[in-house]
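[1] what follows is a predicted structure for the sequence shown.
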Amino acid sequence: MKLEESVENIREKITNTFDKSLSIMGLSANKQLSSESLDPELQIERKRMADILNNLQEETGDYPSARDKLLEELSFTLFNRIAGIKSKQINYNQK
């Protein structure tokens, strides 16, 4: 598998995981559902994600686009953190 294919595969897995997590929090693909039945700890994370999502919705104009942008930003950030850790490990091992 080429590097580009591996990177895309990892990015897709990260995006799918965030997509499932948002859905579990009641932030489905098309609308926000009630958060009353969530565990208190999950409600805190839900509020944080909903706040970001609401800001993105003002920027993009609609909920589905805002959610897609949120998924993109979450995935991009996590992937870069993983790549950064790996890069530091490689540099450390070369010393």
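    Perfect, thanks for sending it.

[2] buried set for the helix or strand encompassing residue 41?
    Secondary structure assigned from DSSP states H and E places residue 41 in helix 40-60. For helix 40-60, burial by neighbour count (16 or more other C-beta atoms under 10 Å) applies to 43, 46, 49-50, 53, 56-57. Where you see a C-beta, it was placed from the backbone N, CA and C, and this is true even at glycine.

[3] save those residues as CSV, and put in distance to residue 65 and pLDDT too.
    What follows is the buried residues of helix 40-60, written out as CSV (distance: C-beta to C-beta, whole Å; pLDDT from 0 to 100):
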residue, distance to residue 65, pLDDT
43, 25, 88
46, 20, 92
49, 16, 94
50, 16, 93
53, 11, 94
56, 8, 96
57, 8, 95
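
[4] pick the one among these closest to residue 17.
    Using C-beta to C-beta, residue 49 comes nearest to residue 17 of the buried residues of helix 40-60, at 13.8 Å.

[5] please list all residues in contact with that closest one.
    By C-beta atoms under 8 Å, 6 or more residues apart in numbering, the contact list for residue 49 reads 22, 25, 27, 70.

[6] check the gap between the second one and residue 6 for me.
    Counting by C-beta to C-beta, to the nearest Å, the gap from residue 25 to residue 6 is 29 Å.

[7] higher neighbour count, those two?
    Using other C-beta atoms under 10 Å as the criterion, residue 25 and residue 6 rank with residue 25 on top: 20 against 10.
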